[in-house]
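Chemist: Quick one: sequence and predicted model below, then my questions.
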Amino acid sequence: MPNLLIVDDEYESRLSLREFIQSSEYNYFSVHEAETYEKGLLMLKQLKPSILIVEISLPDHCGLDLGEKALQWDPGISVIILTQLKIFENVQRAINLGLSAFLLKPVLRSELKRIFERIIVHSLSKETNQLIGRNEVHVKPDFANPIESSIQYIQKHFKEPITLNMVADSVYLSPSHFSRLFKEEMGVTFIEYLTSYRVEQSKSLLKMTSLPIEVIAHQMGFTTAGYFATTFRKSEGCTPSKYRSLFEAG
């Protein structure tokens, strides 16, 4: 389960953030809290959170310094700054540091949701690219081996909403000729191969992450979580959730 750390000396502020996260679609995060810079620094080292939400005006130090330290230790962390102070220099420093967001208290739920959506999409893209990026290849159409080239294209673009026509175009064949040739050489249709490949790649995310099923479905190119679950069950004999639980039990 990914960790999220809130560092704020105001209890009500921490409670509000915790309640937002636990009642939202981001409730898969394990939420941790600290009320001082020093405690936050210690928890950063121990927890290695994916997201840090920190108040600027901490009783023992500046929260911006904690955000900077977090980025030095983990350039992939997302840091959200909270403050009641409308000071331009703070905003400018946050931007220069590359922090993810700068929010004024009291923070609106809609504003938090917007920020989280942006952060999650960005971080999930990075995570999935790290897990399956090794499969990506630079496709150079081989006119003597169009199906081999099409397989390379699929492996590079399977997370996108690709179609038979798009892949056929990439190897300079008509859709009908490409469809026949693909079935002859691969023993399955283009759609069957693409679907099977997506399911196979999804297993890595189910095993290695605690990402929600709907997020994995989207990242693997499935239109809905329901379609992903149905397809996965047909292929593997169990639902994605069951597959994950069997792996965890092992």
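Modeler: On my side now, so go ahead. Numbering: from 1, shown residues only.

Chemist: okay, CA-based contacts and neighbour counts for the rest of this
Modeler: OK.

Chemist: So for the residue located most distally from the centre of the chain, what pLDDT did the model give?
Modeler: The outermost residue of the chain relative to its centre, with distances by C-alpha atoms, centre = their mean, is residue 144 at 37.8 Å. Among the per-residue scores, residue 144 holds a pLDDT of 79.

Chemist: Residue 154 too?
Modeler: Model confidence at residue 154, expressed as pLDDT, equals 93.

Chemist: That one contacts residue 195, doesn't it?
Modeler: No - using C-alpha atoms under 8 Å, residue 154 is not in contact with residue 195, being 10.4 Å away.

Chemist: where does this protein have low pLDDT?
Modeler: For the chain, applying pLDDT under 70 flags the ranges 1, 121-143, 208-210, 247-250.

Chemist: ok, now with 50
Modeler: Within the chain, the set of residues satisfying pLDDT under 50 comprises 134-139, 249-250.

Chemist: Domain map for it?
Modeler: 3-131, 135-249 (automatic domain parsing).

Chemist: Would you state the strands of the protein in chain order?
Modeler: Listed from the start of the chain, the chain has strands (DSSP state E) covering 3-7, 30-34, 51-55, 78-83, 101-104.

Chemist: So for residue 114, which of those strands sits nearest?
Modeler: With C-alpha to C-alpha as the criterion, residue 114 lies closest to strand 101-104 of the strands of the chain, at 10.5 Å.

Chemist: what's in contact with the closest one?
Modeler: Residues outside strand 101-104 that contact it (C-alpha atoms under 8 Å, 6 or more residues apart in numbering): 79, 80, 81, 82, 83, 84, 85, 86, 91, 94, 115.

Chemist: you'd agree residue 211 is up against residue 203?
Modeler: No - applying C-alpha under 8 Å, one finds residue 211 not in contact with residue 203, separated by 11.8 Å.

Chemist: Looking at residue 154 and residue 195, which has the bigger crowd around it?
Modeler: Under the neighbour definition other C-alpha atoms under 10 Å, residue 154 and residue 195 were set side by side, and residue 154 has more, 23 against 20.

Chemist: Contacts only, for the more buried one.
Modeler: Contact partners of residue 154, counting by C-alpha under 8 Å, 6+ apart, are 167, 194.

Chemist: Give the buried residues for stretch 144-154.
Modeler: The neighbour-count check on stretch 144-154 (16 or more other C-alpha atoms under 10 Å) flags 146, 147, 148, 149, 150, 151, 152, 153, 154 as buried.

Chemist: wait, I meant stretch 212-231
Modeler: Buried-residue list, stretch 212-231, by 16+ other C-alpha under 10 Å: 212-214, 216-217, 219-222, 225, 228-229, 231.

Chemist: Can you tell me the closest non-neighbouring residue to residue 81?
Modeler: Counting by C-alpha to C-alpha, 6 or more residues apart in numbering, residue 81 lies nearest to residue 102, which is 4.7 Å off, once chain neighbours are set aside.

Chemist: same thing with residue 2?
Modeler: With C-alpha to C-alpha, 6+ apart as the measure, residue 29 is the residue that lies nearest to residue 2, at 5.2 Å, once sequence neighbours are left out.

Chemist: Out of the strands of the chain, indicate the one that is most buried.
Modeler: Taking mean count of other C-alpha atoms under 10 Å as the contact definition, the stretch among the strands of the chain with the greatest mean neighbour count is strand 51-55, which reaches a mean of 26.

Chemist: Can you tell me which helices and strands that strand packs against?
Modeler: Packing contacts for strand 51-55, counted by 3 or more C-alpha pairs under 8 Å, 6 or more residues apart in numbering; DSSP states H and E, involve strand 3-7, helix 63-73, strand 78-83.

Chemist: Pull the distance from that strand to the chain's centre.
Modeler: Centroid displacement of strand 51-55 relative to its chain, using C-alpha atoms, centre = their mean, to the nearest Å, is 18 Å.

Chemist: Lovely, talk soon.
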